[in-house]
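Colleague: Turn this into a model:
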Amino acid sequence: MTGADLERSLHDAVARLNGRAVVLVGLMGAGKTTVGKRLASFLGLPFVDTDEEIEEAARMSVAELFATYGEPEFRALEARVVARLTDGPPHVIATGGGAFMNEDTRRILKERAVTVWLHADLDTLMERVLKRPTRPLLKTADPRATMKALMDARYPIYGTADIHIHSRNVKRDTIAREIIHALARRPIPQKAAS
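Modeller: The predicted structure follows:
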């Protein structure tokens, strides 16, 4: 994509968002935060990571929240944060891997956002997540088997996202540009009243 092509795609992408957020979904290690920051920079939108928002609201890390309150309470808090973030001006939002599994969250995102699934293969995900051993869901005897089970359970749901982008070991700019190009080709959605 040349500079002129990128500028044209950026213009078209922003117009087609029509005030909606861009929400990145996918498993841990898919690149939602790193790609999301770059995408936000390209689009001239603020970037928000829901895990960081949750940690700030709870004054606890995600790992501490899981340990103290369990996954169901964490997911309920996550759903409230996603609803709040998509009820304002457009942002690029990176969600936690389980956020999109919540049916109410998916409904809200369908109404208020354009969802982008960053999907990656098992080897890519494991290579990335093993660099950060703080993932609560992977604190198991066999993290690779756990990740594979998460893929099997979640990929069909992630597949309902508006846009699918293959996350792989390339520069984050490459993935961000692919998202912009996909956004630029989408029809202009109507933002639901909040």
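
Colleague: Now do the SS call for the most centrally placed residue in the chain.
Modeller: Geometric centre of the chain, nearest residue: Leu24, 2.3 Å, by Cα atoms, centre = their mean. Classification of Leu24 using DSSP: H, G, I helix; E, B strand; the rest coil returns strand.

Colleague: Surely it and Arg38 touch.
Modeller: No - in this structure, Leu24 is not within contact of Arg38 by Cβ atoms under 8 Å, at 11.1 Å. All C-beta atoms are positioned from the backbone trio N, CA, C, and that covers glycine.

Colleague: Which stretches in the chain count as helices?
Modeller: Shown for the chain, the helices assigned by DSSP state H span residues 3-17, 32-43, 50-58, 62-69, 71-85, 103-112, 122-129, 143-158, 172-185.

Colleague: Give me whichever of the ones you listed is most buried.
Modeller: Mean neighbour count, computed with mean count of other Cβ atoms under 10 Å, is highest for helix 32-43 among the helices of the chain, reaching a mean of 21.

Colleague: Out of the helices of the chain, which gets nearest to Ile93?
Modeller: helix 71-85 (5.5 Å; Cβ to Cβ).

Colleague: For this structure, which residues score under the pLDDT cut-off?
Modeller: For the chain, applying pLDDT under 70 flags the ranges 1-3, 133-134, 136-137, 188-194.
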